[in-house]
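> just coords:
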């Protein structure tokens, strides 16, 4: 066999280990993008990057990509198992709740302040944003007073959502004996899992007896005692009953993930089960990278599929994944009443462009689309047949469904939902229907270009 023939069988001279690394990086990028199961546009977003800058893109996805974390899922199952072994499953029956949904967010801050003051043993509070403004300072001040009085206080902040919150704001709480943790820091090796996974939950639990969940962060944009032009229109829910124990389980799982504390150290709290206090059925739904599947997304799919007559969605951002969107389209074509209530302009301009295509398609099949005009609408509600409603922290977008840690509660009681129907009616009264004028203007070449770009980027926002 000649030397020339052997040289022909050998690898090309221009091939190097550097190019081999690029190939493996590109394969890694494609696998991660495909496993995300978000949309074809998400895969197309990473395709050019995999070809032209594979190493940098692979590093970015290593830090910020991916959707699930098997070790975190196992840790969460362990916490749930401890709680179950200590006191059995949570009862879905026996609740009462109240809606905190006035225009100014006064009801929310009053309820939060009142429950902090009334707490006797412990306060567990988790928020995406804690602003260093008058509202944030007032809430921290109240927490400091309770910590000084011997109440256990744990405050969990998302490391990105509360990025601008100065350390000095929470320092008095730590000095008073309270505990403060930041969820999943962005810097490599500090957080657990991808820096793209944010804790978007808003949970406040008092003495394992009362809980407040919803869309309102702690800041002047979300709540206050005085009117403000910057205030978002939002809502939260005060819940009493057995479901509070399930919410506390979720908080403890997040806290242990952030602090490396053992869930067994919370055994006394995990075994608490509240008695029935009312007639309402409430089921708590947790969703995030520490879940094996996508429970909130799956529940929305189920509610759309099982709806007999109507589906109503209130959300600040409307970027559904392909499966959920097809279910909405099919339901509208089958004659079901599909109502989408969104802000005329949200606080994210790019997402406003990204939603246009989805809204246009829904209008074409007969859905009713309402633009809330007066303020930025930040509330999150999902209602099926006026009998079941999911409330909580999740927006109707791919980030909330597939990347964020979110919490929801399904309330199933037609009579008890009257305050929610009244709230939705008040939103519609201040809204305008998606008009033909807006419909045509969104189909300009400029509009279509911005739609296309924003639609591709939407899963990352």
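Thanks, I have the structure now. Everything numeric here is computed off the predicted structure, so don't read it as measured data.
> can I see the domain layout of this protein?
16-64, 70-281, 295-460 (automatic domain parsing).
> and the pLDDT for the closest residue to residue 404 other than its chain neighbours?
Spatial nearest neighbour of residue 404, chain neighbours left out: residue 200 (4.2 Å); criterion: Cβ to Cβ, 6 or more residues apart in numbering. Bear in mind the C-beta positions are built from the backbone N, C-alpha and C, glycine included. Listed pLDDT for residue 200 reads 96.
> now swap in residue 92 and tell me
90.
> that one - that's part of a strand, no?
No. Going by DSSP: H, G, I helix; E, B strand; the rest coil, the assignment for residue 92 is coil, not a strand.
> go ahead and confirm it touches residue 242.
Yes. Counting by Cβ atoms under 8 Å, residue 92 touches residue 242, with 7.4 Å between them.
> the two: which is more packed in?
It is residue 242, of residue 92 and residue 242, that has more neighbours when counted by other Cβ atoms under 10 Å, with 21 against 17.
> list the contacts for that one?
Counting by Cβ atoms under 8 Å, 6 or more residues apart in numbering, residue 242 touches 90-95, 273-276.
> what subset of those residues is buried?
Among the contacts of residue 242, those classed as buried by 16 or more other Cβ atoms under 10 Å are 90-95, 273-274.
> which one of the residues you listed is nearest residue 225?
residue 95 (28.3 Å; Cβ to Cβ).
> from the chain's centroid, how far away is stretch 281-296?
11 Å (Cα atoms, centre = their mean, to the nearest Å).
> buried residues in it?
281-291, 294-296.
> could you do stretch 368-376 as well?
368-372, 375-376.
> ok, residue 157 to residue 171 distance?
For residue 157, the distance to residue 171 (Cβ to Cβ, to the nearest Å) stands at 13 Å.
> between those two, which has more neighbouring residues?
residue 157 (24 against 13).
> name the element the more buried one belongs to?
strand 152-158 (DSSP states H and E).
> and the gap between residue 323 and residue 312?
20 Å.
> which of these two has more residues huddled nearby?
Shown here are residue 323 and residue 312; by other Cβ under 10 Å, residue 312 has more neighbours (23 against 13).
> is that one bridged to anything, and to what?
residue 339, residue 383 (DSSP bridges).
> so it sits right up against residue 342, yeah?
No. Residue 312 is beyond contact range of residue 342, at 11.8 Å (criterion: Cβ under 8 Å).
> how about residue 397: what's its closest non-neighbour residue?
Nearest non-adjacent residue to residue 397 (Cβ to Cβ, 6+ apart): residue 319, at 4.0 Å.
> what is the burial count for the one you found?
When neighbours are defined as other Cβ under 10 Å, residue 319 has 24 of them.
> need the per-residue pLDDT for it.
Looking at residue 319, its pLDDT stands at 92.
> quick one: the helices in the stretch 301-450 of the chain?
Ranges of helices in the stretch 301-450 of the chain, per DSSP state H, counting those that start in this stretch, are 322-333, 349-354, 356-364, 398-402, 418-429, 436-441, 445-457.
> now do the third one against helix 322-333, angle only.
The directions of helix 356-364 and helix 322-333 differ by 20 degrees, with axes from the mean of the first three to the mean of the last three Cα atoms, to 10 degrees as the criterion.
> which other helices and strands contact the helix or strand hosting residue 75?
Applying DSSP H and E as the criterion places residue 75 in helix 70-87. On a contact count with 3 or more Cβ pairs under 8 Å, 6 or more residues apart in numbering; DSSP states H and E, helix 70-87 meets helix 243-259, helix 267-270.
> any idea which of those is most buried?
Most buried of the helices and strands packed on helix 70-87 by mean neighbour count (mean count of other Cβ atoms under 10 Å) is helix 243-259; its value is a mean of 23.
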